[in-house]
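Participant: dropping the sequence and predicted coords here.
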Amino acid sequence: MKKNIDFLFFIEHPKRELFFVKTVVKDLNRKGYKCIIASQYFHLDKSLFYNPKVILIPYCLSSTDWPFSFLKFMFPRSKFCSINWEQNLHLLSKKF
């Protein structure tokens, strides 16, 4: 049986993204949301044990991109959000 969670965050590069994601997850946990952080390269299999409401992925240019194509198939009821980490974490974006 799959465990229901609110947010499933996939990260691509831990050194670039993990601190940011952990900060967001910490705030979401304080508000009562259940969150999981997973590597899109190493934890896709482990993500299948969850039933996420929202899946956040580090990028998606098209519906045929990996891992989006796989995740959309495996989690047809989940909502997806592509977060372009490079733009969000760039110094110019930070000032904005």
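Facilitator: Structure's in. What do you need?

Participant: can you check which helix is longest in the chain?
Facilitator: Assignment by DSSP state H gives helix 14-30 as the longest helix of the chain.

Participant: elements contacting it?
Facilitator: For helix 14-30, the packing partners by 3 or more C-beta pairs under 8 Å, 6 or more residues apart in numbering; DSSP states H and E come out as strand 3-11, strand 35-39, helix 85-89. All C-beta spots, glycine's among them, are computed from the backbone N, C-alpha and C.

Participant: just want the angle from the longest one to strand 35-39.
Facilitator: Calculated by axes from the mean of the first three to the mean of the last three C-alpha atoms, to 10 degrees, strand 3-11 forms an angle of 40 degrees with strand 35-39.

Participant: could you dump the helices and strands packed on helix 14-30 to CSV with mean pLDDT and distance to residue 59?
Facilitator: Formatted as CSV, these follow (pLDDT from 0 to 100; distance: least, C-beta to C-beta, whole Å):
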stretch, mean pLDDT, distance to residue 59
strand 3-11, 96, 10
strand 35-39, 95, 14
helix 85-89, 59, 8
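
Participant: export the ones you listed as JSON lines, with columns for mean neighbour count.
Facilitator: Formatted as JSON lines, those follow (neighbours: other C-beta atoms under 10 Å):
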{"stretch": "strand 3-11", "mean neighbour count": "19"}
{"stretch": "strand 35-39", "mean neighbour count": "18"}
{"stretch": "helix 85-89", "mean neighbour count": "13"}
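
Participant: related to what we said a few turns ago, the longest helix of the chain to strand 3-11, inter-axis angle?
Facilitator: 150 degrees.

Participant: what about the closest residue to residue 65 other than its chain neighbours, how many residues nearby?
Facilitator: Spatially, and ignoring its direct neighbours in sequence, residue 65 is nearest to residue 59 (7.5 Å; C-beta to C-beta, 6 or more residues apart in numbering). Per other C-beta atoms under 10 Å, the neighbour tally for residue 59 reads 15.
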